[in-house]
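Asker: pasted the sequence and its predicted model underneath.
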Amino acid sequence: MADQQPCPQQHEVDQGMARERQENGRPNGRNSIGNDEVREGDATTLKMPADGGENTEKAEKVGVTPQKEPSMLKKAWAKLGITPPLLMMMLKGSIAPAIGVAFYQADSVARTFATLGYLVPIISILSISIMPRAKFFQTLILNVLGVCIGSAIGLLGIWSGIEARKHATPPGSTALYNSSQSAVCAIWLFANIYISNCMRAKFPALQIPVIMYSIFTNISFTYGPNFASMKQGEVLIKQILIAFLTAFALSTGVNLFVFPFTSRTVVLKEFEGYLGVVRGALKAQVAYIESLESSDMFSSSASGDQAAANADATKQQGKKKKSKHRANEQPNRTETPESKALKGAVAALKGLHGKIYGDLPFAKREVVWGKLQPEDLGQIFILFRGILVPLIGMSTITDIFERVAERRGWTDDPDTQSVKGESFERSSDTDKDKEKELWNVIMKTLHKPFAAATAVMDEGLEHAGLALELIKAPKKAKRDDVESKGTGSKPGDPAFGKYLDEKLKELYDSRGQTLKAWAREKGFPEDYFDTSKEPSPGHHLIPDELERSRDQQQLYLILYMEFLLHSIGQAVLDLVKFADKKVEDGCMKKNRLIFPSFRRLRKWVMSIGKEDTSLDNESPDSLESGGRNIFLGAGFNPKKDPEHLPPQTAWQHFGNGIRVIPRFLGSPESAFGFRAACATLTIGIVAYLKDTALFFVKNRLVWAMIIIAIGMTPSAGRSMFGLMGRMVGTALSMVISIVIWYIVDKKTPGVIVMLWFFIFLEMYFFLKFPRFLPIWLVCMVTQVLIVGYELQVVKIGIVASERTGQPWYPIYKLAPYRLACVAGGSFVSFIWTIFPYPISDRSWLRRDLGSTLYLLANYHAVVHSTIKARIHDVEGDMELKTSPGRRLEKVRFKIFGKLLMLLPSLQEHAEFEKWEPTIGGKFPRATYENIILRATNIMNYLSLIIYATKSLSNERGSGCPTTIPANRQTWIKELSSLMRRVGPTSHSVTSVLSMLSASVKQGSALPPYIQHPEPFNLTKRLEALNSGILDARHVEELGYSAYAVMQVASSLVSDDLERLVDDVRDLVGETDFSFMVNDSNSSVDSTGSETGDIKGKRD
C-alpha cells in the first residue's frame, strides 16, 4: 500500500541533519531532545529518552541488567546515519546502471548500440530513479519530450550542415572536412545550448531535462561535420535516441518495481517526522522552563561550567581565525544548552515545514492506492501550521530576556550599551537580582502546569498520529498491567478527543496560580485577579507609575507564555478532532484508488513552465469594505509597469508580446545561457577546425562539453566549489575504476559486480548530501564511462571500437584521459562563470536578501490588513473563497511558505560565499547574517501577532472557561472597539522594509534621518481612552492574553526593525552630507545649531 512504504531517503537526510544540529547543543539525560523524532512515533520516548541515564536508573530499579555500551562498529554505523531505508535507496539507485552495463553483454544489445553501449548506464544515472513517483514521472515526461525534440533538432541541424557541404564542395571533391558544414553545426550547437540553458535557469523543473537535451545536442552536432550523407546522420540520431529511451525505460522499471514509493509516502513520512519534532520541541520547552528556575536569564556572560564548555567547543572548531570570526559575529552571546535545544528543535521544525510546502503539491497530484484524499493532506498541513506558529513564539522567550537585559543596562556588551529603552527600563544591578529572583519563582510555578500540559499534548499528538496512521501502533504488552492502564483514556481510544478537551480545560482553569504567585511576590492581594469580585475601594495596583510599567511588562510576559502554551494545546486539539473525524466518516477504514481532479492536473501542467510572479507583488496593501461592495487593494492586482500603461487596444496587446523578446534577452537567465553556450563552444570549437577536428575525436573531448552541461553553475562560489569537488571526485573515480578492473583480473562478471558495489557505496554520498548533486553525478558518470567503455571493447573488439575514429587505450591510460576531460570541462565552466564579469554568490545573496525584505514588507502589509479586517469584523464568511478574509488568508499562507523556503536558501548562499576568491576588502559576512537573523525574527513576530488576533473574534471566545460569558463578550467588544480607534499596527513598518529592500537590492545608500516606527504603546493609548479596559482583573480573559502577545510581539518587531535599519546602513551607507565643527567650547553642525555633544561620522 502507498501509505506504508519505507521512508524516502531524502527525508531521512533532512531529518538526520536536523537531529545532528539539535544534538550539537543539547545536554544528556532527560533534557535532551530529538530521540523521538522519527522513531515509529513512540510516545514513550518523551517520558523515557533513549540516550540518558534515566533508562539505566529504571533498569537498575526493576533488576534488569543495563545495556552494554555499543561497540565501535555500531557507533560508527549510527554516526554515519545508515538506516534500512537508506540502504534500500542506495540499492535502488545502483541497480539501473548495473543493468545497463550488464545487458550490453547480450549479442543483440551489442549489435543495436554498437559503440554507444556505455551511454545507457550513464543516462540511467542521470535519470535519478530514486525520486518519488510523481517527481520522477514529471521529470521522465520532460526528459522524453526533451530528447525527442533534440532528435528532431539534431536531424534538422545535420541536414542543414549536409546541404551546406553540397553547396560549398566542388564537384568530384573527396575531402572529409568542410568548413561550411562545420560552421553550420557550430551555430546550431550554440543556439541550442543557449536557449536550453536559458530555460534551465528560468524553470527549476527543467534542470535534469536540459542536461539530457544538452548531452544529445553535444553528441549530434560535434559528430555532424563528419557526415557526408543524411543516412549517416539518421543512423547516429537513431542510436542515440534508442540509447536514451532504453535508459529511461530501465530507470522507470527500477522506480516502479524496486522499493517503490510515492510522493505521498514522502509527505506522510514528513508528517510523521513533523509530529516527532513537535514532541521533541515540547519536551525541550519544558526543560528550558525548568532551567530558568535557578539560572540567571539576564546574564550576558557564561557561568564557569558554560565558559569551560564554550572553550572546549572553540578548540574543537579548528582554526583560530574561524573561532575569532564567529566570536565577532555574536559577541558575548551565550546560550544555555536548554535554550539551544529549544531553538534547534524549532529551527528543524521550520525547515521541515518548508520542505513539506514544496513536496505537498506532488503528493496531491498522484494516482495512488491510499486512504487520505489530497484535500486531507492539505488540511493536515494547515493544522501543522497552527502548531508551528506558537512554538516559534516559545523559542523567542530567551531573546525577550536578552532584550530586557539590554534595555535595562544589565549587559556588558559594548554594542548594546547604547540600546534605547523607556524611562522605567533603566535599572541598577540590585534591581537585576530582584528581577532574577522573581522570575525564578515564576518559572517554578510555571514548570508544573507546563509539564502537565506538555504530557497531555504529547498524548494528543500520538493519538492524531495513530488515528491518521502516520505512526505505527505500539505493540501490546503480553501481560496486562492494571496500574499502567490508569483511569484516563489512552491515545488511540475513540473517546480520547473528549478526554483531551477536558484535560486542557482543567489546565487552563489552573492558569491563575502563576498570576497569584506573581501577585504574592509583588505584595498584591491574590484575589485581585478574581473576576467575580470588585476591587476594594481606593485600591490601585501600583501607585508608582515607573514601577507599574515594569510590573505590567512582567505581567505581559507571563501572559505571553501562557497564551502560547494554550494556543499549542488548542492547535493539537484541532488536529485530534480532525483525525477523529476522518476515523468516524470511514476514511481510515480501507484503502481506495485516489485520482487527482482535472483541475489539479491542469494546474500542474500549467505550473511546469509558468514563472511564479507573486513573490513580490501578489500581496494585499489595503482592504476597505462598506455595505455589500468589497474593494481590493492594489496588492491584489498584477504587477505594474512603470514605463507603460495597461494595454487598451489589440495593437497594444500585440506590442506587449513583442516586448517580451528584448526583456528576455536582457534577463539574468539569458546571461547564464550565453555563458553556458560560450563555455561549450570554447571546447566545441576544436571539433569545427580543420587542424583540430581529428584531435577532438581521438581524445573524446565531447565528454568535456558534457561535463560543462552537467556542472555549469550560475555563481562563482558554487563554480569554485564544484571545480574542486569534481576534480577530487573524478581523481578518486579514476583510481576506483582501475581497482574495479584489475581486482577481479579483468573478468567481465567480476567487473560488473564490483562496478555495482562501488556505485552502491557512492549513492550514500548522493543521498546524504544532495546539495552537491552535480559533483556526485560527475563522479559516477566518469566511473561508468571508464569501465563501461573497456567492457564494450571486450565485447565488440578493438577493431569495431575504433571505427568511430577513437583509438583504444588500456584502462590505465584511458582513466587519466577522462580525468583530463573532466578537469578541462570544469575549468572552462569556472572561467566562463567569472568572465567577463563574475556572478558571485555575494551579489546573489544581496539580491535575494533584498527580495526577502520586500517579501517581508508584503507579509507585514497583509498582516496589517488582516488585523484591520478582524477588528472591524469584515472578514466575511471564511468558508467562501471570495470573502476578504479568505483572500487574505490565502496570500498570507503563500508568503509565509515562501519565506520559510527562501530564508534557508540565503544561508546556503552564505556558505558557498566562502569558496569565492576575495579580491580587495573582506566580505561583510557578519552584517549579512545579522540582517538574515533580523528578517527571520520579524517574520516570527508578525506570525505571532496575526495568530493572537484570532482570539479577538467572537467565535474564539468559547476558549475561556473561567470567565463569565456575558462579561467576556462585553469586554472583548469594548477592547475591539477601542483598538479600532488607536490602530494596533502601522503602515510605516511596511514602508521602511520596502525602503531597506530597495537599498540592499540596488546597493544604494539609505536616505538620512529615517524615522523608525515607534513601538505601538497600545497600553497607554487604550488606557487613555478607557482607564479600566486593561485592568488586571481581566487577565483571565483569553483576549487579554492575546492582547499581551500583540503588545510584546509588536515591541519586538519595532526593536528588530531598528536594528535591521542599522545593519543595512552599515552595509550600504547613508546619504548624509551634514558636518560638525567642534571647538573647545561648543560644536556647530551644518544646520547652524549649537550642540554640546560631539557626533563623529566616518565614511
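Answerer: Right, received. Where do you want to start?

Asker: and this structure, what are its domains?
Answerer: For the chain, the TED database gives the domain ranges 80-262+677-834, 288-300+358-365+368-415+436-472+492-529+550-594, 841-955+964-1068.

Asker: what about the longest one, distance to the chain center?
Answerer: The gap between where domain 80-262+677-834 is centred and where its chain is centred comes out at 32 Å by CA atoms, centre = their mean, to the nearest Å.

Asker: burial of residue 715, as a residue count?
Answerer: Residues within reach of residue 715, counting by other CB atoms under 10 Å, total 25. In short, each C-beta sits where N, CA and C put it, glycine included.

Asker: tell me the first helix or strand C-terminal of the host helix or strand of residue 196.
Answerer: Using DSSP states H and E, the element containing residue 196 is helix 179-202. Per DSSP H and E, helix 179-202 leads on to helix 207-223 as the next helix or strand towards the C-terminus.

Asker: so which bits of that following helix are buried?
Answerer: Residues 208-223 are the ones in helix 207-223 that count as buried (16 or more other CB atoms under 10 Å).

Asker: same deal with stretch 248-268?
Answerer: Residues of stretch 248-268 classed as buried by neighbour count (16+ other CB under 10 Å): 248, 250-252, 254-255, 259, 261-268.

Asker: same check, this time on stretch 433-444
Answerer: Across stretch 433-444, burial judged by 16+ other CB under 10 Å covers 435-436, 438-444.

Asker: repeat for stretch 1056-1067
Answerer: Quick answer for stretch 1056-1067 (16+ other CB under 10 Å): 1056-1061, 1063-1065, 1067.

Asker: any idea of the mean pLDDT for that stretch?
Answerer: Stretch 1056-1067 carries an average pLDDT of 92.

Asker: identify the residues contacting it?
Answerer: If you take CB atoms under 8 Å, 6 or more residues apart in numbering as the criterion, stretch 1056-1067 is touched by 924, 927-928, 930-931, 934-935, 937-938, 941, 989, 992-993, 996, 999-1000, 1006, 1010, 1012-1013.

Asker: do that again at 7 Å, thanks
Answerer: 924, 927, 930-931, 934, 937-938, 989, 992, 996, 999-1000, 1006, 1010, 1012-1013 (CB atoms under 7 Å, 6 or more residues apart in numbering).

Asker: of the residues you listed - the most surrounded one?
Answerer: Result: residue 996 is most packed of the contacts of stretch 1056-1067 (other CB under 10 Å), 29 neighbours.

Asker: can you tell me what sits against the helix or strand harbouring that residue?
Answerer: Following DSSP H and E, the helix or strand that holds residue 996 is helix 987-1002. Residues outside helix 987-1002 that contact it (CB under 7 Å, 6+ apart) are 846-847, 849-851, 853-854, 856-857, 860-861, 864, 1005-1006, 1010, 1013, 1053, 1057, 1060-1061, 1064, 1067-1068.

Asker: go with 6 Å
Answerer: 847, 849-850, 853-854, 856-857, 860-861, 1006, 1013, 1064, 1068 (CB atoms under 6 Å, 6 or more residues apart in numbering).

Asker: which of the buried residues of stretch 433-444 fall in strands?
Answerer: Counting by DSSP state E, none of the members of the buried residues of stretch 433-444 fall within strands.

Asker: in JSON lines: the residues you listed, plus pLDDT and distance to residue 685.
Answerer: Converted to JSON lines, the buried residues of stretch 433-444 look like this (pLDDT from 0 to 100; distance: CB to CB, whole Å):
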{"residue": "435", "pLDDT": "81", "distance to residue 685": "74"}
{"residue": "436", "pLDDT": "83", "distance to residue 685": "73"}
{"residue": "438", "pLDDT": "83", "distance to residue 685": "77"}
{"residue": "439", "pLDDT": "84", "distance to residue 685": "72"}
{"residue": "440", "pLDDT": "86", "distance to residue 685": "75"}
{"residue": "441", "pLDDT": "84", "distance to residue 685": "79"}
{"residue": "442", "pLDDT": "84", "distance to residue 685": "75"}
{"residue": "443", "pLDDT": "86", "distance to residue 685": "72"}
{"residue": "444", "pLDDT": "86", "distance to residue 685": "77"}
